[in-house]
Structures are given as structure tokens and as C-alpha cells.
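>>> I would like the atomic coordinates for the input below:
(chains A, B, C and D)
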Protein chains: 2
Amino acid sequence: MGAAERAAKESDEWSGVTPDAARRLVSAAVQAFAERGYHATTTRDIAGRAGMSPAALYIHYKTKEELLYRISGTGHEEALRIMGAAAEAQGSATDRLRDAVRTFARWHAEHHTTARVIQYELQALGAEHYAEIAGLRRRTDRLLRQIIEDGAASGEFRVDDVPGTTLAVLSLCVDVARWFSADGARTPDEVGALYADLVLRMVGAS
Amino acid sequence: MGAAERAAKESDEWSGVTPDAARRLVSAAVQAFAERGYHATTTRDIAGRAGMSPAALYIHYKTKEELLYRISGTGHEEALRIMGAAAEAQGSATDRLRDAVRTFARWHAEHHTTARVIQYELQALGAEHYAEIAGLRRRTDRLLRQIIEDGAASGEFRVDDVPGTTLAVLSLCVDVARWFSADGARTPDEVGALYADLVLRMVGAS
DNA sequence: CGCGCCACTGAGCAAGCGCTTAGGCCCCGA
DNA sequence: TCGGGGCCTAAGCGCTTGCTCAGTGGCGCG
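Sure, this is the predicted structure:
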């Protein structure tokens, strides 16, 4: 996949953002932040990738940090939505956990560029913005823990340490964003399937 | 643990570095890189933490990047050593895998400050330095994969995808550095024990 | 047609960056 | 006693950074 296609895919992901120039800017920022990290990315670089002068950035966003905040917010809301959909579905704890891990891990592979930014650049956010995002993450964590608790209570799972296992499962899925490469051997679907299988074993589901 | 104690513990970790000023500088750099990230850390900040003027840094290290390179090199060599000790021990694949995961995860918890730097700031290294470190990581990966392959071959483990499972186990252990906090509920020993248990389940060891 | 609006640019500012340089202190061997 | 090298500082250089501002082109509306 070339740079142009990558940019196009990235742009689709942010189709809700208007006007067009603002969307091109978030999309460019996500790519730049993921490649070099927030602090190593310059506003000139972001504007350049979006095909504009550095000054144009400030018509759509107040600061560079606001860009990161918007990206983090949208990304974590999406992650929470995915986890919520699996958690609130009908079915056994085993079914719900399989679905949760499969979709959550797959999302982190498919959108690994965005995921890398929202999971590994959080520290660059301002204090209040960070606190807000931390709230979203806590809600995601609670949803997953509830599934595991349900399975433990019903006897479907054998887990000694529910919070610890929850943490490990979440950590496993999130870290997909760090190592996943679109050029690698695995597709996002395959990662989701593998991880769902591994996690069901971790909780002792038969 | 206060800042002073943290600094003291950090300093012990680098006791092999001489002279004293050079050691204080690596130690200060590790703390600063872990807290803010490589690019957000200034040479003035590092020198300040080590109790010297900014110019003193350049007597002991040619550039700021050399500091990161030294930290990454030492850290990854230590990680490789730990994995090697477990891999080359006598005993069943189950015993070796348990030991490998326990010590590897525990190290990432105990030295989470250093580990965070060496695992999440790699992209800031220059190209040749990065390639050198990548070699160390590949050797660590191979050692772990060999244990899992041995267990699969002997029938101790049931694994469908050896490279995928290896990747997941390594990812799980490494990510400890991201979430572990010394003020948190878990000790490094507890993390090691929990993770060893979870991983043995992942590979289907009875 | 002409007027106001607004996305956008070129030029540039103040601050902070990594790093250098000139010079001083102090210890050690002769 | 004194010269020299190792370790350190104060000052600052050249550059880049995030961000600003006056001005411009073009589009919609009366």
C-alpha cells in the first residue's frame, strides 16, 4: 500500500469531520503522530501533508494539542463503542468475550495508525484533556471486567485474579497497535481470531 | 517512594557506568525519557536532574541520541540475558516457559522506567543504532519461540500458531512497562507469577 | 456589478532547542 | 612549586519551534 492509498484510507476514517480542510488536517496529523510521535511532529509537517501553509492549521484548530485531543477523543470513543457492543450482546460470557477480543484486537490492527496515537501519545495531552480520556478508558476496562466476572460467576471461566486477567487481556489487545504492520504476514481478521482463541484459553473457557 | 529514592534505585541500576557524573546523567536521562518521552526531554532538563550545567553533558556523551542508544543497548542486552538464562536452563518446556515469562515480565515491572524507554522510544534512535537494537530483539524473540516450539513438538503444549503465540507472549510481557506503576496494587513478583500462569494456559500446558 | 465574508498565505516573532566555545578550578606527578 | 590534563561552568550561536497577523483572492448575495 503506497502513501496515497494510506492517506485515502486514513481520510475515510475521519469522514465525519468537516470542512474538508479540517479533515485533511486530522488525517495528516494522525499519520505524522503515528510515524514520529507527537513531540517530534511539527505543525509545518502536518500542514504540509494536508497541502496547506502552516498558518491554515490555526483556522481549524486552536493548538497542536487540540488536534491530538480530538484524535484521542474520537478514537477512544470508538474503542469504547466496540467493547460496549460486545459486552451488551446476548449470549454466554464465552461468546461475549470471544466477540469482544476479536473485534477489539481487530480494530487495533486495522486502525493501527490511529490506535498507536491514541494509546501511546496520551502523555502529551494537557492535564484536563488527559483526565477526560482516562475516563473513557476506565469505562472500557469496566465493560471487559464485567464479562470476565460473569464468566467466573457462572462457572464458564476459571480465573484466580479477575482484575489482573482483565488488565492482561486489555494490554494484549492494545499492544497490537505497537507491532502490527499492514505489510506484515497477518491480516486484522487473523489477529482477531488468534487473540480471541488465546484469551479464551487464558480464562480457562472449555 | 519519593523522588530521591527513585533516583537512588535508578542509580543502582547503572552502577557499571563510570565516572560518577556519567552515571548520574544516564540515570537522569532514563527518568526524564520515561516521564516525558525522548523528544519532549531537553538536554537542560537531563543536566539539571544530574545537578550539572547543560554543557557538562557533552563531556560524557557526544549527543542526546547517544544517551538513548546507551540506555537502549544496556537494557536490551539485559532483557536478552534474562530470556537466555531461562531458555538454556535444564527442564521441560513447561518449566522453561514458566521461568522465562515470570522473570521477563517481572523485569519489565521492576525496571519499568528503563523498560518504558527501551521499548517505546526506539523510533527516536538513528538508523544504524536502531538496526543494532532490532538485532537484539530478534534474538530474544527467537529464544522464546524455541521454547514454545519445543513444547509443541514434545506434546506438552497445544499451539496452532507458534509465531503468532510467541508474538503475543512477548507483547504481553513488554507492555507491562507501559501500565505498571510502583504505587499500584501489584508487586513485580505478583505480576511475574500471574503472567506465567496466564501464558501456560495460552499454550495449553496441562 | 460591487460588497462583505472567510478560508488561506507570506512573512515573521519570541522562545526554546541542541550543541559549542573560552576559560577556570583542582588534583596529580615531577 | 609548577605545569598539564580532566571536569566543569557561563555565555551564547545558529536554528527550529508553535503560533500570529496583515493582507489577498474568490465566492455568494443583493
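>>> CA atoms for contacts and neighbours, from now on please.
Fine.
>>> Could you give me the buried positions within the longest helix anywhere in chain A?
Counting by DSSP state H, the longest helix found in chain A is helix A:127-154. Within helix A:127-154, the residues scored as buried using 16 or more other Cα atoms under 10 Å in any protein chain shown are A:129-130, A:133, A:137, A:140-149, A:151-152.
>>> who are the neighbours in contact with residue A:165?
A:159, A:203, B:198 (Cα atoms under 8 Å, 6 or more residues apart in numbering or on different chains).
>>> Now intersect these with the helices, please.
Counting by DSSP H, the contacts of residue A:165 contribute residue B:198 to helices.
>>> quick check, nearest of the contacts of residue A:165 to residue B:22?
residue B:198 (40.3 Å; Cα to Cα).
>>> what residues are up against the closest one?
A:165, A:202, A:203.
>>> Please repeat the previous calculation with a cut-off of 6 Å.
residue A:202 (Cα atoms under 6 Å, 6 or more residues apart in numbering or on different chains).
>>> pLDDT at it, what is it?
pLDDT for residue B:198: 98.
>>> any idea how far it is from residue B:144?
Counting by Cα to Cα, to the nearest Å, the gap from residue B:198 to residue B:144 is 16 Å.
>>> Check residue A:107 too.
Counting by Cα to Cα, the gap from residue A:107 to residue B:144 is 27 Å.
>>> Same check on residue A:38?
33 Å.
>>> Residue A:78 too?
34 Å.
>>> which residue is nearest the middle of chain A?
Residue closest to the average C-alpha location in chain A (Cα atoms, centre = their mean): residue A:115, at 3.7 Å.
>>> which residues sit in contact with that one?
A:108, A:177.
>>> now residue A:177
Contacts of residue A:177 by Cα under 6 Å, 6+ apart are A:108, A:109, A:112, A:115, A:116.
>>> Need the max-distance pair from these.
A:109 and A:116 (9.7 Å).
>>> Looking at those two, which one has more neighbours?
Between residue A:109 and residue A:116, residue A:109 has the larger neighbour count (other Cα atoms under 10 Å in any protein chain shown), namely 30 against 26.
>>> And that one, how far from residue A:73?
19 Å.
>>> Also residue A:179?
With Cα to Cα as the criterion, residue A:179 and residue A:73 are 22 Å apart.
>>> Which one's more surrounded, the two?
When residue A:179 and residue A:73 are compared for neighbours, residue A:73 comes out ahead with 18 against 12, by other Cα under 10 Å.
>>> how near is the more buried one to residue A:63?
15 Å.
>>> Same check on residue A:79?
25 Å.
>>> Tell me which of these two has more neighbours.
Higher neighbour count among residue A:79 and residue A:63: residue A:79, with 19 against 13, using other Cα under 10 Å.
>>> What residue, apart from its backbone neighbours, is nearest that one spatially?
Distances taken as Cα to Cα, 6 or more residues apart in numbering or on different chains place residue A:104 nearest to residue A:79, at 7.1 Å, with adjacent residues excluded.
>>> tally of neighbours for the one you found?
Around residue A:104 there are 24 other residues, counting by other Cα under 10 Å.
>>> One more: residue A:37?
Around residue A:37 there are 22 residues (other Cα under 10 Å).
>>> which phi and psi does the residue nearest to it when sequence neighbours are not counted have?
Among residues not flanking residue A:37 along the chain, residue A:121 sits closest, at 7.0 Å (Cα to Cα, 6+ apart). Residue A:121 has phi and psi values of phi -120, psi 10 when expressed as degrees, to the nearest 10.
>>> Break chain A down into its domains, please.
A:3-61, A:65-202 (automatic domain parsing).
>>> Quick one: end-to-end length of stretch A:46-59, please.
14 Å.
>>> What of stretch A:33-47?
Note: stretch A:33-47 ends 13 Å apart using Cα to Cα.
>>> Next one: the residue nearest to residue A:79, what pLDDT does it get?
98.
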